[in-house]
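A.B. asks: sequence plus predicted model, see below.
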Amino acid sequence: MGYGSPAGYNSFSEYYDTLMQNVGYKERCSYIMEVFRRLDHDMGLSLDLACGTGSLTVELKKNGVDVYGIDASYDMLSFAREKAEESGLDILFLCQKMQSIDLYGTIDTCVCTLDSINHLTKISDVQKTFDRVSLFMNPGGYFLFDANTIYKHQKVLSDNTFVYDTDDVFCVWQNSLRENNIVDIELDFFEREGKVYYRTEEKFAERAYSDEELTDMLVSAGFEVVSRYGDMTFDDPKEDEQRVIYVARKLSK
């Protein structure tokens, strides 16, 4: 699972890292850097878009990438800043929505991971996001992002319920699939303090887009799709792929 950190995330930010501890940020960082190594692309000045609590941003910085992060949630970014400080890293974090980023200058690379694009449930907002990334991307620069597939929304998330039981929190995840491959997600958190459990909740939605839709929007924004991979692989996506990685190159005007 992954999250794009919409501005409404409040209590969720407290449990995000606990629920995402199996993501493998170090491995994902290594994978991303290998993608660009194979493309002979110097990541240069890089943006971690929808960075959440900054785990990937920190890993990229530790590996020598000149990176900063953007997220729409102040709560998520407070954890990101704390994480960077604890690691002794000077990382800039900005609070902005994906579809309206306003950068100080151009970038050479943008990464947007863990199905953050799916949190934009309007095609127009995805197009705006691609357009804004393109606007600040140097020609020849690369945009790498991943997206949950229609297969995952219809066959895995669908109308199912999941339970996560950790030392810190008990979480019940309830899904409801509706039109346009949109899944409404309701998270209930139960945190124990002594003999008492306190309940908080978060609600949001994710939308899955077809490969044709994403490719058309990238082309419209001035990108060409260089590669499509199954998650954390260098293989073509399978029919039952749950997450697809897109690597797109900014064309010269």
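C.D. replies: Sure thing, it's come through. Bear in mind that the values here come from a model prediction, so they are computed numbers and not experimental data.

A.B. asks: for Gly24, what are its contacts?
C.D. replies: By CB atoms under 8 Å, 6 or more residues apart in numbering, the contact list for Gly24 is empty. Just so you know, the C-beta spots here come from the backbone N, C-alpha and C atoms, and that holds for glycine as well.

A.B. asks: run through the residues that contact Ser252.
C.D. replies: So Ser252 contacts Pro139, Gly140 (CB under 8 Å, 6+ apart).

A.B. asks: now with 7 Å, please.
C.D. replies: Shown in contact with Ser252 (CB atoms under 7 Å, 6 or more residues apart in numbering): Pro139.

A.B. asks: assumed Leu144 was part of a helix.
C.D. replies: No. Counting by DSSP: H, G, I helix; E, B strand; the rest coil, Leu144 falls outside a helix, being strand.

A.B. asks: you'd agree it is up against Tyr31?
C.D. replies: No. Contact criterion CB atoms under 7 Å: Leu144 and Tyr31 do not qualify, at 9.9 Å.

A.B. asks: have a look at those two and say which one is more surrounded.
C.D. replies: Between Leu144 and Tyr31, counted using other CB atoms under 10 Å, Leu144 has the larger neighbour count: 24 against 18.

A.B. asks: okay, and the beta partners of that one?
C.D. replies: Beta-bridge pairing of Leu144 under DSSP bridges involves Val111, Val247.

A.B. asks: would you mind measuring from it to Leu251?
C.D. replies: As judged by CB to CB, to the nearest Å, Leu144 and Leu251 stand 16 Å apart.

A.B. asks: and stretch 215-235, how far out from the chain middle?
C.D. replies: 15 Å (CA atoms, centre = their mean, to the nearest Å).

A.B. asks: what's the answer for stretch 229-248, then?
C.D. replies: 15 Å.

A.B. asks: and for stretch 160-171?
C.D. replies: Computed by CA atoms, centre = their mean, the separation of stretch 160-171 from the middle of its chain amounts to 21 Å.

A.B. asks: just the mean pLDDT for that stretch, thanks.
C.D. replies: Stretch 160-171 shows a mean pLDDT of 84.
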